[in-house]
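Colleague: need a structure here:
(one chain, ligands or ions: 2)
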Amino acid sequence: MLRSRLPLLLLVFALSGCAVESRFGAATLPSDGGGVDAGEDRDHDGVCDSTERTIGSNPDELDSDHDGFPDAIELLNAFDPIDPNSPGVDQVAFMPAKNDASIELALRATVDGQGESFTGVLSSYPSIDAQKRSADDFLSGVVAVAAEPPENVHAVDASAERFDAVVGHTRLSFRAGFHYTSNVDFPCAEGFAFAYALKSDQGKHVGSRDYMIVITPKDAMGRDPKSFCLPAACL
Ligand SMILES: [Ca+2]
Ligand SMILES: [Ca+2]
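Modeller: Numbering: from 1, shown residues only. Ligands and ions are numbered 1, 2, ... in the order given. Purely as a prediction, here's the structure:
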């Protein structure tokens, strides 16, 4: 499983030499500055044939691992296009682009505490959204929920996303809420990924895990990998 998206993304961009644009115009992801190079992308999944050969995905399959997400969406959003368990079912939540729609996503991390406190930190990844939105733009809040086993934690400050005085091997759970407040529909599904990590008293970040919310056209039926927005130029 790909534990971090950044090294892979850098590899992909270095290999492809492609700038990245959404189908709606604005470039929102880092590129090598070399301009748009359409490359060969015979399955039209947003990943160039040359990149597919390098990473081991299928150049004739939009969704190489048949998990419902196109290869390019997985590459761009922290996940592994050749692992059907990436993203895991608990790492993704879908929200229709309907005014006042909302969803919740459970976040979790496991720590080995020595009496210190841990506070959750959410970091959005860039997206290919034409308006340069990220997961932060739809976030209504995160709360700390529970520890397992509960006796390993002295106190839970829900709104501060903090568990105090954690001792021992402990699973910490949080809940993130997302909200869509617009009458503007999405023309295709878009993924907005983020990492959720824990910051200890000493400022050390541990237990980072990647997640993604997918905002779908409001009347979308089912979850079709062909319904996603893809980069205008292959990766
Ligand atoms: Ca391709
Ligand atoms: Ca896939």
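
Colleague: C-alpha only now, for contacts and for neighbours.
Modeller: Fine.

Colleague: Please enumerate the strands of this protein.
Modeller: In the chain, the strands defined using DSSP state E lie at 92-96, 101-124, 139-148, 153-157, 162-180, 190-200, 205-216.

Colleague: Save the ones you listed as a markdown table, and put in mean neighbour count, distance to ligand 1 and mean pLDDT too.
Modeller: Converted to a markdown table, the strands of the chain look like this (neighbours: other Cα atoms under 10 Å; distance: least, Cα to the ion, whole Å; pLDDT from 0 to 100):
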| stretch | mean neighbour count | distance to ligand 1 | mean pLDDT |
| --- | --- | --- | --- |
| strand 92-96 | 19 | 23 | 96 |
| strand 101-124 | 18 | 26 | 96 |
| strand 139-148 | 18 | 32 | 98 |
| strand 153-157 | 17 | 46 | 97 |
| strand 162-180 | 19 | 31 | 97 |
| strand 190-200 | 23 | 18 | 96 |
| strand 205-216 | 21 | 21 | 94 |
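
Colleague: which bits of the chain sit near ligand 2?
Modeller: D63, D65, D67, F69, P70, P81 (Cα under 5 Å from the ion).

Colleague: How about the contacts made by the fifth one?
Modeller: Taking Cα atoms under 8 Å, 6 or more residues apart in numbering as the definition of contact, the neighbours of P70 are D45, L62, D63, S64, P81, P225, K226, F228.

Colleague: who wins for neighbours among these?
Modeller: Among these, the one with the most neighbours (other Cα atoms under 10 Å) is P81, at 30 neighbours.

Colleague: show me the contacts for it.
Modeller: S57, D63, S64, D65, P70, D71, A72, E74, L75.

Colleague: now swap in E61 and tell me
Modeller: So E61 contacts D43, D45 (Cα under 8 Å, 6+ apart).

Colleague: next one: N99
Modeller: N99 neighbours (Cα under 8 Å, 6+ apart): Y180, T181, S182, N183, V184.

Colleague: For A193, list each beta-bridge partner.
Modeller: With DSSP bridges applied, A193 shows beta-bridge pairing to M212.

Colleague: Go ahead and confirm it touches I215.
Modeller: No - A193 is not in contact with I215 according to Cα atoms under 8 Å; the separation is 11.1 Å.

Colleague: on that earlier part again, closest to Q131 out of the strands of the chain?
Modeller: Closest of those to Q131 is strand 190-200, at 11.6 Å (criterion: Cα to Cα).

Colleague: Take that closest one, keep the C-alpha atoms, and write them as PDB.
Modeller: The C-alpha coordinates for strand 190-200 follow below in PDB (Å, rounded to 0.1, in the frame of the first residue of the first chain):
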ATOM      1  CA  GLU A 190     -14.300  15.000  -7.600                       C
ATOM      2  CA  GLY A 191     -12.100  13.600  -4.900                       C
ATOM      3  CA  PHE A 192     -10.800  15.800  -2.100                       C
ATOM      4  CA  ALA A 193      -8.200  14.000   0.000                       C
ATOM      5  CA  PHE A 194      -6.700  14.800   3.300                       C
ATOM      6  CA  ALA A 195      -4.400  13.400   5.900                       C
ATOM      7  CA  TYR A 196      -5.400  13.200   9.600                       C
ATOM      8  CA  ALA A 197      -2.500  12.900  12.000                       C
ATOM      9  CA  LEU A 198      -1.900  13.200  15.700                       C
ATOM     10  CA  LYS A 199       0.400  15.800  17.200                       C
ATOM     11  CA  SER A 200       1.900  14.900  20.600                       C
END
